[in-house]
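Undergrad: Structure for the following, please:
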Amino acid sequence: MPRRFPSLNALKTFEAAARHLSFSNASEELNVTQAAVSRQIKLLEEDFGTPLFKRLTRSVELTEAGHRLFPALKEAFDQIEFAAHRVWDNRGNGILTISVLPTFSVKWLMPRIVDFSEKHPDIEIHLVNSIRPVDFDREDVDLAIRVGSPVMDTRAQGQVRIDLEMAKRDDQLEFLQLMPDRMVAVASPGYIAERGLVKTAADANAATLINMATRQHAWADFLQALGWAVERKNDGPAYGHFFMAIQAAMEGRGIALVPDVLVMDDIRSGLLVQAIPARVPSAGQYYLIGRKTGWEQKRVRIFRAWLESYLPAVQAEANAAGSLMS
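TA: Numbering: from 1, shown residues only. Okay, here's the model as predicted:
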């Protein structure tokens, strides 16, 4: 006897709408109009003979029937997605698309990605730069690298706060901790030669401090962690990305406060100098993020293993530099 199912397209539409509790968000995920979503839901409700959603003024809620259908349907689609990824994985290694923070991409990942390509020529890496929380339901990416915390903890004493959301739909994701996010103040050799290192609160008051739009509290938290009573001024230049702040520091425009992993190579090469003899951890870490359903794909496993091979050296350098240093 043949199986009897409602329209699979309608079921897929219902699952997306129920997961988001929004016809609008479901339409964006499925790349169809909101009217098309409403039409598919109506067809499904007619097939079942009962409403699945309560249509409110500006939102929707699941009915009792909708609540009965959604968990099993979501699990079924998760299993289909998992099985599909396993079949795709057996086709070959192919393309691996990774969403990466722009400065981390430029300053850390790209200088090392040649090594990966030489070791795994059958995997083509596509990098997509973004600072937004990664949304695997709407973005065509396999992995993401973000900074923050899977749980938005409040800032501990002596840490630089970090208010960044890393990803949407966290319960469906895997997180691999990569490296600490520790803030270091850097300037050009010329700036330091002219003004000297910043060793006291008075020195900090006199310095030109470069500000970051995405880390608005960074300088205040950093200086507080040092125990310096500094009257913060916002007279220095402000930028939207760390690579802009780093470039401004290289040009002698002031002192930039940035994650040390982004400037380790520049400090070693002499392009930048550590302007304040301290490094202060933030409340977050750098993470590799991926879907649970795709975490064991062959190309994902290979990239994870390659990335992890660099972590002991990064951690050793971090330990050698110390944390709070006077």
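Undergrad: end-to-end on stretch 164-182?
TA: In stretch 164-182, first residue to last residue: 15 Å (C-alpha to C-alpha, to the nearest Å).
Undergrad: in it, what counts as buried?
TA: Residues of stretch 164-182 classed as buried by neighbour count (16 or more other C-beta atoms under 10 Å): 164, 166-167, 172-176, 178-182. C-beta coordinates here come from the backbone N, C-alpha and C atoms, glycine included.
Undergrad: all helices for this structure, in order.
TA: Taking DSSP state H, the helices of the chain run over residues 8-20, 23-30, 34-48, 64-89, 102-104, 110-119, 189-195, 201-206, 218-225, 242-250, 264-269, 298-321.
Undergrad: Reformat the ones you listed as a markdown table; add distance to R146.
TA: Formatted as a markdown table, the helices of the chain follow (distance: least, C-beta to C-beta, whole Å):
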| stretch | distance to R146 |
| --- | --- |
| helix 8-20 | 21 |
| helix 23-30 | 20 |
| helix 34-48 | 29 |
| helix 64-89 | 21 |
| helix 102-104 | 9 |
| helix 110-119 | 17 |
| helix 189-195 | 31 |
| helix 201-206 | 30 |
| helix 218-225 | 17 |
| helix 242-250 | 14 |
| helix 264-269 | 19 |
| helix 298-321 | 14 |
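Undergrad: okay if I get these as JSON lines plus mean pLDDT?
TA: Shown next, in JSON lines, are these (pLDDT from 0 to 100):
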{"stretch": "helix 8-20", "mean pLDDT": "90"}
{"stretch": "helix 23-30", "mean pLDDT": "86"}
{"stretch": "helix 34-48", "mean pLDDT": "91"}
{"stretch": "helix 64-89", "mean pLDDT": "80"}
{"stretch": "helix 102-104", "mean pLDDT": "92"}
{"stretch": "helix 110-119", "mean pLDDT": "92"}
{"stretch": "helix 189-195", "mean pLDDT": "94"}
{"stretch": "helix 201-206", "mean pLDDT": "89"}
{"stretch": "helix 218-225", "mean pLDDT": "90"}
{"stretch": "helix 242-250", "mean pLDDT": "94"}
{"stretch": "helix 264-269", "mean pLDDT": "90"}
{"stretch": "helix 298-321", "mean pLDDT": "84"}
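Undergrad: Which of the ones you listed sits closest to A278?
TA: The closest of the helices of the chain to A278 is helix 218-225. By C-beta to C-beta, the value is 7.9 Å.
Undergrad: got the contact list for that closest one?
TA: The contact list for helix 218-225, computed with C-beta atoms under 8 Å, 6 or more residues apart in numbering, reads 155, 158-161, 183, 185, 201, 204, 209, 211-212, 230, 232, 257, 278, 280, 324.
Undergrad: make it 6 Å
TA: Helix 218-225 is contacted from outside by 158, 160-161, 183, 209, 230, 232, 257, 280, using C-beta atoms under 6 Å, 6 or more residues apart in numbering.
Undergrad: cool, and stretch 124-133?
TA: Residues outside stretch 124-133 that contact it (C-beta under 6 Å, 6+ apart): 95-100, 102, 105, 113, 165-168.
Undergrad: hmm, try it at 7 Å
TA: Contact partners of stretch 124-133, identified using C-beta atoms under 7 Å, 6 or more residues apart in numbering, comprise 95-102, 105, 113, 116-117, 141, 165-168, 214.
Undergrad: do the same with stretch 137-153
TA: Residues from elsewhere that reach stretch 137-153 (C-beta under 7 Å, 6+ apart): 28-29, 96-101, 104, 128, 134, 162, 164-170, 175, 181, 283-290, 294, 300, 303.
Undergrad: Weed out the non-buried ones from those residues.
TA: For the contacts of stretch 137-153, a burial check counting by 16+ other C-beta under 10 Å picks out 28-29, 96, 98-101, 104, 134, 162, 164, 166-167, 175, 181, 283-290, 294, 300, 303.
Undergrad: Sitting in strands, which of the residues you listed do you find?
TA: Here DSSP state E is the test, and these give 96, 98-100, 175, 181, 283-290 as lying in strands.
Undergrad: check contacts around A248.
TA: Residues in contact with A248 (C-beta under 7 Å, 6+ apart) are 210, 237, 239, 254, 256.
Undergrad: Determine which two of these are furthest apart.
TA: The span of the contacts of A248, defined through C-beta to C-beta, is set by Y239 and G254 at 10.7 Å.
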